[in-house]
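Q: got a predicted structure here, sequence first:
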Amino acid sequence: MDKYLDIISIDPGTILFTLINTLVIMLMYRFFLHAKVVVILDKRKAAVSAELDAAEAAKVAALEKEAEYKLLLENSKAEAEKILNAANSRALAKEREILAEANINALHIREKAEEGIALEKKRVMNEIKNQISELVIMTASAVAEKEIGEKDNETLINSFLVNV
């Protein structure tokens, strides 16, 4: 145990030597290295500060670009909606125009058909009148050819009606 006590013992000479040694190292550091270390630390501090400023500026620029893109996106959505609405209104107008044109065409076709029907009706009526006239003339000539009795007259009228 004595040998351990020699290691742990306090020697004032060793303490004084250690203090002087530390003071000499501090003075040498201060005299030779301190200015250079401070310059290096200042440069590093300035570099870090510049990087932080650049990062902050990039962040601000990115936020500005993001706001600009959001505005452009909203404007493009509004513009797309406006274009779609315009296209829809043009399509509806075109649809109305086509329907109106189709209605006019149908009306013209109907009018032509009605005119055709009326002409055909007149033609048929004229043919019927011609046939009736022919039958009347035939009947009249038959009556004129022979003296007709009441019975013969009735027979001629019935045959006339059957022919009509």
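A: Nice, I can see it.
Q: alpha carbons only for contacts and neighbour counts from here, please
A: Fine.
Q: where does the prediction get shaky in the chain?
A: Within the chain, the segments meeting pLDDT under 70 span 1-7, 142-153, 156, 160, 163-164.
Q: how about the strands in it?
A: For the chain, no strands are identified by DSSP state E.
Q: how about the helices in it?
A: 2-8, 12-28, 34-145, 150-163 (DSSP state H).
Q: may I have the second one as CSV, with CA atoms only?
A: It stands for helix 12-28. C-alpha atoms of helix 12-28 as CSV (Å, rounded to 0.1, in the frame of the first residue of the first chain):
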residue,chain,number,x,y,z
PRO,A,12,4.8,21.0,-4.2
GLY,A,13,7.7,21.0,-6.6
THR,A,14,5.7,19.0,-9.2
ILE,A,15,2.7,21.4,-8.7
LEU,A,16,5.0,24.5,-9.2
PHE,A,17,6.6,22.9,-12.3
THR,A,18,3.2,22.1,-13.8
LEU,A,19,2.0,25.6,-13.2
ILE,A,20,5.0,27.2,-14.8
ASN,A,21,4.9,24.8,-17.7
THR,A,22,1.2,25.7,-18.2
LEU,A,23,1.9,29.4,-18.0
VAL,A,24,4.8,29.1,-20.6
ILE,A,25,2.5,27.1,-23.0
MET,A,26,-0.2,29.7,-22.6
LEU,A,27,2.2,32.6,-23.3
MET,A,28,3.6,30.8,-26.3
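Q: okay, the angle between that helix and helix 34-145?
A: 60 degrees (axes from the mean of the first three to the mean of the last three CA atoms, to 10 degrees).
Q: elements contacting helix 12-28?
A: Contacting helix 12-28 under the criterion 3 or more CA pairs under 8 Å, 6 or more residues apart in numbering; DSSP states H and E is no other helix or strand.
Q: could you measure residue 39 against residue 29, distance?
A: Distance, residue 39 to residue 29, using CA to CA, to the nearest Å: 14 Å.
Q: ok, residue 66 next?
A: For residue 66, the distance to residue 29 - CA to CA - is 52 Å.
Q: could you do residue 87 as well?
A: With distances taken as CA to CA, residue 87 is found 82 Å from residue 29.
Q: just how off-centre is stretch 96-114 within its chain?
A: Distance of stretch 96-114 from the chain centroid (CA atoms, centre = their mean, to the nearest Å) equals 34 Å.
Q: next one: residue 46 relative to residue 54, how far apart?
A: Using CA to CA, we find residue 46 at a distance of 12 Å from residue 54.
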